[in-house]
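1. My questions are about this predicted structure, shown below with the sequence.
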Amino acid sequence: MQPYKTTPSPNIRRQSIMSQLNTPKTNPCLSPSLSTVSSFSNLRRPSRPRSASISSTTSNNSTSSLTSVSTTSSTIKRRIFSPSSSISNAYLSKPHQRYTGTITVAIRIKPITEMIPQWTAITQDKISHPDHGDFKFDQVFGPQCDNLNIFHQVGADLVDKLFDGFNATLIAYGMTGSGKTYTMLGEGINNNINNNIGIVELCGSYIFDKTQIDLDNKYNITVSYLEIYNEKIHDLLDVVKKNEDLKLRSDPAQVGGGIHVVGLTEKRCQDCNELMKWVKMGELSRKTGKTDYNTRSSRSHAIIQIKLITTDSFTGNIRSNILSLCDLAGSERATAQLERRKEGAYINKSLLALGTVISKLSVESNGKDNGNVGSSSVMGHIPYRDSKLTRLLQPSLSGNSIVTTICTIDPRREASAETINTLRFGSRAKNISLSISRKSINTGLASGNGANTNELEKDRKIKELANLVKEQEHIIRDLTQEKIQGGGYVGQTLPHGLMLSRESTMLCENDFNDPNREFLDIENKLLKDKINNFEKLLDKDSRELQDTQVVEIVDMLPLEVGGLLETKVQGLESEIRQYKSYTDQLEKKLLKLQLKQAQPLPNQRDVSPMDSDGISPTAEFNLTDTKELEDIIQRKENKINDLQDMLYRKDKMIEALQSAKRLRDRSLNPRSSHSDTQLQTPTKL
Ligand SMILES: Nc1ncnc2c1ncn2[C@@H]1O[C@H](COP(=O)(O)OP(=O)(O)OP(=O)(O)O)[C@@H](O)[C@H]1O
């Protein structure tokens, strides 16, 4: 196979990558110069990896061509994938519904100045050790391999799957200083050297390149960047809260498939430059430090997530998929520095947890392969919760994502123990089988997907608010035309919560030159009259509410209400009794007065003591003057009328109280009192 060069030759540029990948060639990454120390017999480029297979028969992989373009920085030669019909054919073809295979594992050997020790024999997909045996992988990248080549072999495929509707995860794993960050982010991302751009940027370029040539779909791309430092999750894109420990929440509706980092910043990107701007910004916040093996060692696990939201231009259907790019912190032996030791303990602990999870999943997968699915020996508990790292990777490792792991190794003798560990990790991961279904498409606003819903919900809210603003503008215009006077509406809440301010009403008040004003005044008055009439009618309606209707309402009330009514009615009954005795007295007094009125004027001997109402009969009968007598009679008559009025009112009150009593009875025993719906005549007083 022809080596991939940093600046591809023109014929490579125009040549389909897939056609290169499918041609059996010598692995460019295993230079013959290494054959003196390693076994390079049978070095042939595999026809195309490897463990994964697509259940559908139509198999189209990435077919993009290369081009070399200058970026804004003229010193940096950046390679992106230019549009070509072959690309569009690749991902516009009918996507597969299911992906089955295993985790793809590639090994990357770091170049070293010294000779690679004799203890290894390296082939295209195998590393052999005299003591530890053979470790089989999907791909072994030799020290000559550059990031672009690695991207072709493992990265482009993941991006293609992302566009096919799968989630995809790429994990860089290896000991400190072995080249994980170099692989993921390239050389000197922090000092803009960028001679050898990393997988993240290459994936980003490819993603944006793909979106540009696809006229059938619209794309939204966001990026998030977090680190797990000393078991705390930090948002690397939030400079203010970058040290806040973000919480994890289980949410199956999430695009990634179940674990949601609460409050994690997502930045929308228009192109790859913007995406890389955020990545570089995040890198500045990432915790680094000097270790025995690496002058700028990443002290945290970092996960960049690129979310691709695809909207079908014709149907409006929406789908979200995530590409997770993980640059793990490196495993290391204890160091003298206290700070590094503490970090190292956290790193090692979480890597151990990841190793355990991988190991268990691997055993489980082997069990399945051996037909032991369901057997308790193989279906053990997977301890995802042992670390934040495994928790975050849980959705990816448990079947929500296609996973590729690049294990970086440092071939120096002194790192051999770590190298063996890494190889073991890689070969276990390779055993893990995946069966991933393509993310279903969400139809428009009825999306069931959490993240889509969020996006759509936001769009819907924006539309709703824009409509509201328009509506409110109309209301303001209408109100202004109606020339609201005297601030009658000030402070009132109008439709949709619009509060009319004093200023806006002033505006209306001050405009007296409107020719329609008189007409509007009349119309206003008519409307007010109408309201009054309606209010009266409503009043009448409530007064005329029949007792039978009330009974129906009472029947609907819960039984406990009966108890409350009972207490209330007992009070009312006692009031009735008091009123009754009072009205009895009044009646007697009235009778007495009526009798007196009917009798001839008494003489002085018949003088009665002063009445309790303050009218002294004595005073009356001493008078001889007829006019005065008439006055007295008149006053007596008035008094009688008053008392009769009072009696009438009492009568009504008793009537109401009795009605309440009946309601009480019915609510306590609704069935038996159904028949008794007629109003009883009030007690004759
Ligand atoms: N394939 C490679 N080619 C050239 N240089 C490399 C390669 N891999 C790593 N290096 C160099 O080795 C050093 C350590 O690499 P890097 O920081 O990527 O390691 P790491 O695995 O991320 O370590 P840590 O876990 O400590 O962060 C860097 O200076 C890097 O440029």
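-> Cool, got the structure.
2. which stretch of helix or strand covers the closest residue to the ligand within the stretch 351-500 of the chain?
-> Taking Cβ to the nearest ligand atom, the ligand has its nearest neighbour within the stretch 351-500 of the chain at residue 408, 5.6 Å off. Yep, even glycine has a C-beta here, placed from its N, CA and C like the rest. Element membership for residue 408 (DSSP states H and E) is strand 401-409.
3. quick one, strands of the stretch 251-400 of the chain?
-> In the stretch 251-400 of the chain, the segments counted as strands under DSSP state E, counting those that start in this stretch are 259-261, 267-269, 288-289, 297-298, 301-312, 318-327.
4. thinking again about what came up before, immediately after the strand holding residue 408, which helix or strand?
-> Following strand 401-409 in sequence, per DSSP H and E, is helix 416-431.
5. Get me the contact residues on the stretch 1-150 of the chain for the ligand.
-> 110, 111 (Cβ under 6 Å from any ligand atom).
6. residues near whichever residue of the stretch 1-150 of the chain sits closest to the ligand, how many?
-> In the stretch 1-150 of the chain, the residue that lies nearest the ligand is residue 110 (4.4 Å; Cβ to the nearest ligand atom). Applying other Cβ atoms under 10 Å, we find 19 residues neighbouring residue 110.
7. Who are the contact partners of the residue lying closest to it once chain neighbours are set aside?
-> Once flanking residues are discounted, residue 110 sits nearest to residue 179: 4.6 Å by Cβ to Cβ, 6 or more residues apart in numbering. By Cβ atoms under 8 Å, 6 or more residues apart in numbering, the contact list for residue 179 reads 108, 110, 408, 410.
8. ok so, going back, run through the residues that contact the residue of the stretch 1-150 of the chain closest to the ligand.
-> 143, 177, 178, 179, 408, 409, 410, 411.
9. what about it, distance to residue 175?
-> Applying Cβ to Cβ, to the nearest Å, the value for residue 110 to residue 175 is 10 Å.
10. Mutual contacts of the two, please.
-> Common neighbours of residue 110 and residue 175 (Cβ under 8 Å, 6+ apart) are 408, 409, 410.
11. re the thing from before, how about a markdown table for the contacts of residue 110, with distance to residue 363 added?
-> As requested, the contacts of residue 110 are arranged in a markdown table below (distance: Cβ to Cβ, whole Å):
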| residue | distance to residue 363 |
| --- | --- |
| 143 | 33 |
| 177 | 31 |
| 178 | 26 |
| 179 | 29 |
| 408 | 25 |
| 409 | 24 |
| 410 | 28 |
| 411 | 29 |
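12. Let me know the closest of the residues you listed to residue 426.
-> Using Cβ to Cβ, residue 409 comes nearest to residue 426 of these, at 8.9 Å.
13. what residues does the stretch 201-350 of the chain put near the ligand?
-> Counting by Cβ under 6 Å from any ligand atom, the stretch 201-350 of the chain sits next to the ligand at 291, 294, 296, 297, 298, 329, 330.
14. quick check: longest helix of the chain.
-> helix 626-668 (DSSP state H).
15. Could you pull up the mean pLDDT of it?
-> Averaged over helix 626-668, pLDDT sits at 76.
16. Can you verify residue 143 is assigned to a strand?
-> No - assessed with DSSP: H, G, I helix; E, B strand; the rest coil, residue 143 is coil; it does not lie in a strand.
17. ok, and the closest non-adjacent residue to it?
-> residue 111 (3.5 Å).
18. can I assume the one you found is in contact with residue 141?
-> No - counting by Cβ atoms under 8 Å, residue 111 stays clear of residue 141, with 10.7 Å between them.
19. which of these two has more neighbours?
-> Neighbours were counted for residue 111 and for residue 141 using other Cβ under 10 Å; residue 141 has more, 25 against 13.
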